[in-house]
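Student: Just to be clear, the model below is a prediction. Sequence and coordinates:
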Amino acid sequence: MVTTASSDIKDHPIVSHDQWLAARTALLDQEKEFTRLRDGLSRQRRALPWERVDKPYVFEGPDGTRSLADLFDGRSQLVVYHFMFAPYFTRTRPTPGAST
Amino acid sequence: MMNTAYQYLDLVPKGRDEDHLDFVMEWVQYHDRYPD
């Protein structure tokens, strides 16, 4: 387990190409293990049971009032991102140039 | 780009939904060619 410190940058080991490649290839095993574990987690997440949504949520969109079903717009999946403004935010709209 | 797209897809019920693809990157388009 490696912890980061500013000396990780200043005193960082510099080696030959072959030595770097050996170290990088060894790390690849860890990265592949991580990918497999992450895929397994994603599988478990998709296998979670579902909960019925009965509450009649109402949303204000660019084209007026919408129900939760309306937001799906005929599609099979919907991603909802809850963007929370800190108390000191005075803008009611995102800054110009900001993108989601 | 691909990595972040997959990270979102891995959160939704259908996941990557790639079983019907001939190869897994088949869905990638030029950025302005994706359908709405």
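Tutor: Structure received.

Student: for residue 15, what are its contacts?
Tutor: All of this is about chain A. Contact partners of residue A:15, counting by C-beta atoms under 8 Å, 6 or more residues apart in numbering or on different chains, are residue A:23. In short, each C-beta sits where N, CA and C put it, glycine included.

Student: actually chain B
Tutor: Taking C-beta under 8 Å, 6+ apart as the test, what residue B:15 contacts is A:42-43, A:46, B:9.

Student: For those residues, which two are the farthest from each other?
Tutor: The two members of these with the most space between them (C-beta to C-beta) are A:43 and B:9, at 12.9 Å.

Student: if we can go back for a sec, now tabulate the contacts of residue B:15 in CSV and tack on secondary structure and neighbour count.
Tutor: Below are these laid out as CSV (DSSP: H, G, I helix; E, B strand; the rest coil; neighbours: other C-beta atoms under 10 Å in any protein chain shown):
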residue, secondary structure, neighbour count
A:42, helix, 18
A:43, helix, 11
A:46, helix, 13
B:9, helix, 16
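
Student: Now pLDDT too, for those residues, in TSV please.
Tutor: As requested, the contacts of residue B:15 are arranged in TSV below (pLDDT from 0 to 100):
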residue	pLDDT
A:42	95
A:43	95
A:46	95
B:9	90
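
Student: From the residues you listed, pick the one nearest residue A:13.
Tutor: Nearest to residue A:13 out of those is residue A:42 (C-beta to C-beta; 35.2 Å).

Student: what about that closest one, distance to chain B?
Tutor: Distance, residue A:42 to chain B, using C-beta to the nearest C-beta, to the nearest Å: 4 Å.

Student: and that residue, how far is that from residue A:56?
Tutor: When distances are taken as C-beta to C-beta, to the nearest Å, residue A:42 and residue A:56 turn out to be 31 Å apart.

Student: ok, now residue A:68?
Tutor: When C-beta to C-beta is the yardstick, residue A:68 and residue A:56 sit 8 Å from each other.
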